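> with the sequence up front, the predicted model follows.
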Amino acid sequence: MNAKPHRLLWLGLGALIVVSLLWDRLPSSASASRLGGLPQDGFGFASRELPLNDTETQLYRQAATVKRLYQAGGQRFVLTAIDGSRNRHAVHDPLYCFRGDGWQVAGTQDFPVSGGHAKLLKLTRSGLQTEVLFWFTNGKTRQASAWQAWRQSVLRRDTLGRYGNEPVLILLQPATSETPIWSRVFARCPFLFQL
């Protein structure tokens, strides 16, 4: 067999490996400033920062993260927003974390939000019940598919940021045992759809 085609094949494979290793190191436009624009207070709502727990700190590492307790017209909820521009593994399907933390999924349903749809999870653990509302957004669309968010992230990375913004994961959880009326929260907090 001719050695020249084999050398070219190995050379091409080596070049492909080098390019793929360097690709992650290429700078891309960071969208972390999108989270910096989240207002802490305004007409009809107020918030305060919450610290990340040890698990969240380890999981999110370099990802830009905002975690706040909001009160909007008597509705109290915790907002966690994660921008994976600097740590693409931080933005993933939230079901993995909830199941890993011992929560059982009692039900899921699509939930319409401005510009798309979210997913409403009903969770139970040791007799406790709660719900979580989440979606991924690239600033233009909102959807609840981790697969779609991953696809958008890959396209953004492959086009060096020209495709659009890195998807941000938005998680909303009740701050008390009383579940907020999400439509009222959204009426008072339209900034949730400006990310």
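Received it, and whenever you're ready, just let me know what you need. Numbers count the residues shown, from 1 in each chain.
> from now on I want contacts and neighbour counts done on CA atoms only, so please keep to that.
Will do.
> how long is stretch 108-121 end to end?
5 Å (Cα to Cα, to the nearest Å).
> list the buried ones in it?
F111, V113, G116, H117, A118, K119, L120, L121 (16 or more other Cα atoms under 10 Å).
> equivalent analysis for stretch 185-195, please.
Those would be V185, R188, C189, L192, F193, L195, for stretch 185-195 by 16+ other Cα under 10 Å.
> so what touches that stretch?
34-35, 38-39, 43-45, 72-73, 75, 114-115, 137-139, 168 (Cα atoms under 8 Å, 6 or more residues apart in numbering).
> distance between that stretch and the chain's centre?
16 Å (Cα atoms, centre = their mean, to the nearest Å).
> now that stretch: mean pLDDT?
Stretch 185-195 comes out with an average pLDDT of 91.
> repeat that for stretch 80-91.
On average, stretch 80-91 scores 81.
> buried stuff in it?
Quick answer for stretch 80-91 (16+ other Cα under 10 Å): T80, A81, I82, D83, G84, S85, R86, R88, A90, V91.
> re earlier: just flag the most distant two among the contacts of stretch 185-195.
G73 and N138 (27.9 Å; Cα to Cα).
> so for those two, which sits in the more crowded spot?
Using other Cα atoms under 10 Å, the more surrounded residue of G73 and N138 is N138, with 20 against 14.
> verify the stated contact: that one with V168.
Yes: with contacts counted by Cα atoms under 8 Å, N138 reaches V168, the gap being 6.3 Å.
> for G12, state which of the buried residues of stretch 80-91 is nearest.
Of all the buried residues of stretch 80-91, G12 sits closest to R88, with 27.6 Å by Cα to Cα.
> phi and psi next, for the closest one.
phi -70, psi -20 (degrees, to the nearest 10).
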